[in-house]
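# got a predicted structure plus its sequence, pasted below:
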Amino acid sequence: MNTIQLVWKNLSRQFGSVFLSILLTAFGISILAVLSITGETFEKQLDNNSKNIDLVVGAKGSPLQLILSSVYHIDNPTGNIPLDELDPLRQNPLVRLAVPLSLGDNFKGHRIVGTDSSFLSIYDTSVHEGRIWQNNFEVVIGDQVAKKQRLKIGDQIQSSHGLSKDGHHHDEHPFTIVGILKHNNNVTDNLILTNLESVWDVHGIAHTHDHEETPLQKELREREEDREETVNAHLHHHGEDIVDEKGPQGHADHTDHDKEGVFVKSIGADMVKQSGLEITAILVKYQSPAAIGILPKLIDQQTDMQAASPAMESTRLFSLLGVGIDSLSILAYVIMLIAGLSVFINLYNALKQRKYDLAIMRTLGASKGKLLTIVLLEGLTITIVGGLIGLIMAHLALYYISNQTSQSADFIEAFKLHPKELVFLLVACIIGIFAALIPAIKAYRTSISGTLSDK
């Protein structure tokens, strides 16, 4: 009987305790692998998705929620902002690029994003197959969308209302796929892109092209012009009275009427502006580093919108997650140490029961080194088997996690082998060797005459 057969036979005789040691090792390795792979992948994706975006402008609310919804597409938006805010932002000398986003629908978990062609430039991507959208209800999809849903150019898809795939289907407005993006290893791989007008049309929002006025805007503008003419005529009439009376009270009346005119004009202008179309957010790229300290404050203080920095919010998010990841990592290492202790106790107790077998093996010609090797291999076998089972458990857990998350946030490659997994397996082997070292030395020092005489 060779050494491997001896090792296997010895372990099978203590199946209960060996199984417990293997299970503890597997749990420790699986927790470490899941935390390491998800943490590393998540941090990499945070960087890939936001590296060209300096600022996100959106409705007031949680800055982190705004970043998650508009940059990473894994949360609900904070609200909508007027489309009228886009052009002034684009004309700002501190802004190099301003990209509009309009969210609200999805296809089987993949978010449909209304935008324009500048979206492709901010993510440094391009159409790999087909072309970009040119008409309403034409879409360009990410390469992962095409692979997962088995879609090709010319296929039609129906969007679902909201950001959940279980929402109401817009069957009356199918989208036609005209292009597929190249693989970018970022969020665009799981997005569906179209123009802003298509998103408005799906939701029955009337709009016009080339910044023409809607009927409501036209009516409000005409009313405002009528009010302004009336106020001006009224002010002109009182101005003549003031000249005739030449009294201080007349001057006060003129001031009051002037304030009234300004007030009425302001109300009318706001009504005209607020009746326009809306978008969800604007992705901004700075023209120069000087914008970092100026533009966010201008937006927060002088508009009804908020400005959030992806870099700052991502750092804050990962620092919050890092506390939990570190805590779970400590727990995993504790489990590994307990597994090592279990291996030590198991082998030490087994050695007491097998000391006569070892003595007989020595009389049959087995060397001290062979006894040492057998015990070390037993400890190594337990931790290697536990480590391999742990890695399988980890990948199954990663597959489950990737299926439970939104398609637009699918960034985990569940069955890809990561270099750190080999490190964890090596750690398990070292723990197994150290756990078996004392029992192995005891086996090496087995006295033939003393053991057999005690029998």
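Yes, it's here.
# from here on, just use CA atoms for contacts and neighbour counts.
Noted.
# in the protein, what secondary structure element scores lowest on mean pLDDT?
Across the helices and strands of the chain, the lowest-confidence element by mean pLDDT, DSSP states H and E is helix 248-274, at a mean of 41.
# after that helix, which helix or strand is next?
Once the chain leaves helix 248-274, the next helix or strand it forms, by DSSP states H and E, is strand 278-279.
# any idea of the mean pLDDT in the next helix or strand after that following strand?
Going down the chain from strand 278-279, the next helix or strand is strand 281-286, by DSSP H and E. Mean per-residue pLDDT for strand 281-286: 95.
# likewise for stretch 159-174?
Rounded mean pLDDT across stretch 159-174 is 70.
# start to end distance for that stretch?
This stretch, stretch 159-174, spans 7 Å end to end (CA to CA, to the nearest Å).
# pLDDT below threshold where in the chain?
Applying pLDDT under 70 to the chain flags the ranges 1, 163-171, 206-276, 323, 353-358, 362, 365, 404-411, 446-455.
# could you pull out the strands for it?
Counting by DSSP state E, one finds strands in the chain at the ranges 55-59, 81-82, 95-107, 110-115, 127-130, 138-141, 156-157, 160-161, 175-181, 192-195, 278-279, 281-286, 305-308.
# the second one - contacts with which helices or strands?
Judged by 3 or more CA pairs under 8 Å, 6 or more residues apart in numbering; DSSP states H and E, strand 81-82 is in contact with strand 278-279.
# the strand it packs on packs against which elements?
strand 81-82, strand 95-107.
# apply 6 Å and report the result again.
Packing partners of strand 278-279 (3 or more CA pairs under 6 Å, 6 or more residues apart in numbering; DSSP states H and E): strand 81-82.
# identify the residues contacting the strand it packs on?
59, 277, 278, 279 (CA atoms under 6 Å, 6 or more residues apart in numbering).
# how far does that strand sit from the chain's center?
Computed by CA atoms, centre = their mean, to the nearest Å, the chain-centroid distance of strand 81-82 equals 25 Å.
# note down every partner strand of that strand and its orientation.
Strand pairing for strand 81-82, using DSSP bridges, gives strand 278-279 (antiparallel).
# run the chain-centre distance for the strand it pairs with.
Mean C-alpha position of strand 278-279 versus that of the full chain (CA atoms, centre = their mean) differs by 24 Å.
# quick one: which of the contacts of strand 81-82 is nearest residue 375?
The nearest member of the contacts of strand 81-82 to residue 375, counting by CA to CA, is residue 59 at 66.2 Å.
# number of residues surrounding the nearest residue to residue 428 once chain neighbours are set aside?
Among residues not flanking residue 428 along the chain, residue 383 sits closest, at 5.5 Å (CA to CA, 6 or more residues apart in numbering). Residues contacting residue 383 under the criterion other CA atoms under 10 Å number 35.
# verify the stated contact: residue 306 with residue 60.
Yes - using CA atoms under 6 Å, residue 306 is in contact with residue 60, at 5.0 Å.
# please identify which of those two sits among more neighbours.
Using other CA under 10 Å, the more surrounded residue of residue 306 and residue 60 is residue 306, with 23 against 18.
# what's opposite that one in the beta bridge?
residue 58.
# what sits against it?
57, 58, 59, 60, 300.
# how about a cut-off of 8 Å?
57, 58, 59, 60, 61, 63, 296, 299, 300 (CA atoms under 8 Å, 6 or more residues apart in numbering).
# still on that earlier bit, of the strands of the chain, give the one that comes closest to residue 400.
Of all those, strand 110-115 sits nearest to residue 400, with 17.8 Å by CA to CA.
# tell me how far the closest one is from the chain's mean position?
Mean-position distance between strand 110-115 and its chain equals 16 Å (CA atoms, centre = their mean).
# and for stretch 54-68?
Centroid displacement of stretch 54-68 relative to its chain, using CA atoms, centre = their mean, is 15 Å.
# can you measure across it, start residue to end residue?
Start-to-end span of stretch 54-68 (CA to CA) is 14 Å.
# what does that stretch rub up against?
The contact list for stretch 54-68 (CA under 8 Å, 6+ apart) reads 70, 74-81, 280-286, 296, 304-311, 313-314, 317.
# run a quick neighbour tally on residue 375.
Counted by other CA under 10 Å, the residues lying close to residue 375 total 28.
# likewise residue 363?
Neighbour count for residue 363, taken as other CA under 10 Å: 12.
# please apply the same query to residue 373.
By other CA under 10 Å, 18 other residues sit near residue 373.
# neighbours of the residue lying closest to it once chain neighbours are set aside, just the number please.
Counting by CA to CA, 6+ apart, residue 440 is the residue found nearest to residue 373 once chain neighbours are left out, at 7.4 Å. By other CA under 10 Å, 28 other residues sit near residue 440.
# next, the contact list for residue 440, please.
Going by CA under 8 Å, 6+ apart, residue 440 touches 371, 372, 373, 374, 375, 376.
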